[in-house]
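Participant: give me the fold of what follows.
(one chain, ligands or ions: 1)
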Amino acid sequence: MKTISLTLSSAILSLTLVSSVLAADYDLVINGGRVMDPETNYDAVANVGIKDGKIAKITSKQIKGKAAIDAKGLVVAPGFIDGHQHCIEPYQYRLMLRDGRTTLLDTEIGAHGPKLDEWYKRREGNAPVNFGVAVAHEFARAEVLDGFTDWKYFYSPDAGQSRLTKEGWSKTRPTLEQGNQILSLIDQGLQQGGLGIGSTVGYMRAGVSAREIFELQKLGGQYGRFISMHFRNTPGDDTGEVNGIQEMLANAAALGTPAIASHFNNPGYNMVHELLVRMRERGYNVWGEIYPYAAGSTALNAVFLEPEVWVQALGNKYEDTLQDVATGEFYTQKSREEMLKKEPTRLVIVYKIPDSAIVDWIKMPGVAIGSDGMPMVPDDNLTWDTPYEDLPNTHPRTSGSFATVLRLARENNIPLMQAVSMTSYNYAKPLGDMGLKSMQVRGRMQEGMVADITIFDPETVRDNSTYAKGTLPSSGILHVLVNGTLVMKDQEPLKGVNPGQPIRFEPVKSKFEPLTIEGWNKAFYASPVDFGGGVPGYDIH
Ligand SMILES: [Zn+2]
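Facilitator: From the prediction side, this is the model:
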């Protein structure tokens, strides 16, 4: 016995020696930072060794690498995951890095099903951050019901065109045949590895029946993937909003499928949050996201801004709530009518809830951040090098959402771990649980995980973008790593360094079976019907 135990101790001793020699081999070490992992609640000053794109070591011991970052006084957190970003383009990447974001996902509008593969190919090898996209319900409807095929971007920014041209995508109920065509286009994107289905049904109103939404969720469920909904009645009041999400959650419960409540930072949010928490407790993979701003952004002609809805039903005044993005001036009913004649899709900021609600949202456990970042218009001449101040104005959430969460947590004594969880883990966890492998190894500071890392100063991190100047970058976020490669150093994004990886599923065979008339609600689908209530606006609220 004694001999054996001696042999074991010397074996352990020699292993220790070997590992300390190997330690000099890390590609990069991050020294002396406060390492925070939202999954295990690990929160300690430690050194992090990066090798082959992974977090190879987290230790209090000294380690050596080919390069080193001094993180003393800084937080070393999982790279921020923006689950709701409508602009994944080179001119946007510097702003994203300055705000600490290492993964950008367009889960709400998404890409046109047949173009999904092309969407990914365009970004492979060309992006400093990871990128992913859902399959668009809206664009399948635009192709089938409006004949729209003029795809320029294959995703969100195309809504600027498709929503201007015609209204069938919004207000027409499809026939059985058209319904099957819509589902088939979406199915192509799911086959190509789309993350889930994005639906902007809140912009469609009566054009989409309860049956259509149910069938969408059923189709996504065939693949085990989410639906993300800008749910009905958003923005609305505290009952309409809640009813909107209850539609999606009832389907999710009946079908056992994942679902995302897109930007539920609206009246009724506390009820929506409670629904999500209780369903998660019962094992349903449903979750919600917010952006930390009291105002949204949309087009002047959005249907919910009509006086009957915005003023009479919801009790708002244009003078207090409707601001022009470009001039900063507030509209009156008269000036709104005049502008509608000249420029119906002019971008506006819409104040919809008191500022005090924002801190409430950041206190809500389990909630994720989706910035709802907007395409900049016009974008023809914008590049990586376009100076921040020369970018066209946009909602400040585009550039400041993540730093805002960290600043508000500091100012309101919200635990930093809660904020770190919101900015990373709370999107990675449910997506990973859905079987998305690339998200099972992100959003965590643990050995073996992918080295997407955001390093920030907890005392100074802050947003700088405002409603008047929405393109000013955040500050206090110093270094960013994506897949183990440094993409921002000392607050300077590094041009031409593109380690970003696609976030998607492997291609699979079709699981779609065309519906028969029995599968549809015959009364609604027998013939195309124009139910009115279309929303020809360019917003992506
Ligand atoms: Zn939306």
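Participant: how about the residues of the stretch 201-350 of the chain near the ion?
Facilitator: Selection of the stretch 201-350 of the chain residues close to the ion by CB under 5 Å from the ion yields His230. Just so you know, the C-beta spots here come from the backbone N, C-alpha and C atoms, and that holds for glycine as well.
Participant: what number of residues lie near the residue of the stretch 201-350 of the chain found nearest the ion?
Facilitator: Proximity of the stretch 201-350 of the chain to the ion (CB to the ion) peaks at His230, 3.6 Å away. His230 is surrounded by 26 other residues when neighbours are defined as other CB atoms under 10 Å.
Participant: what's the pLDDT at it?
Facilitator: Model confidence at His230, given as pLDDT, is 95.
Participant: repeat that for Gln491.
Facilitator: 98.
Participant: list the beta-bridge partners for Met488.
Facilitator: Beta-bridge partners for Met488, by DSSP bridges, are Val480, Pro493.
Participant: can you pull out the low-pLDDT segments for the stretch 201-350 of the chain?
Facilitator: When the per-residue scores of the stretch 201-350 of the chain are filtered using pLDDT under 70, the ranges that remain are 205.
Participant: got the residue ranges for the strands in it?
Facilitator: Remark: strands assigned in the stretch 201-350 of the chain by DSSP state E, counting those that start in this stretch are 226-229, 259-261, 286-290, 295-299, 322-324, 347-351.
Participant: I'd like those laid out as JSON lines, including mean neighbour count.
Facilitator: Conversion of the strands of the stretch 201-350 of the chain to JSON lines gives the following (neighbours: other CB atoms under 10 Å):
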{"stretch": "strand 226-229", "mean neighbour count": "30"}
{"stretch": "strand 259-261", "mean neighbour count": "30"}
{"stretch": "strand 286-290", "mean neighbour count": "26"}
{"stretch": "strand 295-299", "mean neighbour count": "22"}
{"stretch": "strand 322-324", "mean neighbour count": "20"}
{"stretch": "strand 347-351", "mean neighbour count": "23"}
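Participant: let's have those strands in JSON lines, adding distance to Ile50.
Facilitator: Shown next, in JSON lines, are the strands of the stretch 201-350 of the chain (distance: least, CB to CB, whole Å):
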{"stretch": "strand 226-229", "distance to Ile50": "31"}
{"stretch": "strand 259-261", "distance to Ile50": "31"}
{"stretch": "strand 286-290", "distance to Ile50": "29"}
{"stretch": "strand 295-299", "distance to Ile50": "38"}
{"stretch": "strand 322-324", "distance to Ile50": "45"}
{"stretch": "strand 347-351", "distance to Ile50": "41"}
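Participant: quick one: closest of these to Lys57.
Facilitator: Comparison of the strands of the stretch 201-350 of the chain against Lys57 by CB to CB identifies strand 286-290 as nearest, at 31.2 Å.
Participant: helices or strands next to that closest one in the packing?
Facilitator: The contact analysis (3 or more CB pairs under 8 Å, 6 or more residues apart in numbering; DSSP states H and E) places strand 286-290 against strand 259-261, helix 269-281, strand 368-369, helix 426-433.
Participant: now the second one - C-alpha only, PDB.
Facilitator: Only the C-alpha atoms of helix 269-281 are listed here, as PDB (Å, rounded to 0.1, in the frame of the first residue of the first chain):
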ATOM      1  CA  TYR A 269     -44.000  43.800 -18.900                       C
ATOM      2  CA  ASN A 270     -44.300  42.600 -15.300                       C
ATOM      3  CA  MET A 271     -47.100  40.200 -16.200                       C
ATOM      4  CA  VAL A 272     -45.200  39.000 -19.300                       C
ATOM      5  CA  HIS A 273     -42.200  38.400 -17.100                       C
ATOM      6  CA  GLU A 274     -44.200  36.400 -14.600                       C
ATOM      7  CA  LEU A 275     -45.700  34.200 -17.400                       C
ATOM      8  CA  LEU A 276     -42.200  33.500 -18.700                       C
ATOM      9  CA  VAL A 277     -40.700  32.700 -15.300                       C
ATOM     10  CA  ARG A 278     -43.600  30.400 -14.400                       C
ATOM     11  CA  MET A 279     -43.400  28.500 -17.700                       C
ATOM     12  CA  ARG A 280     -39.600  28.100 -17.300                       C
ATOM     13  CA  GLU A 281     -40.200  26.700 -13.900                       C
END
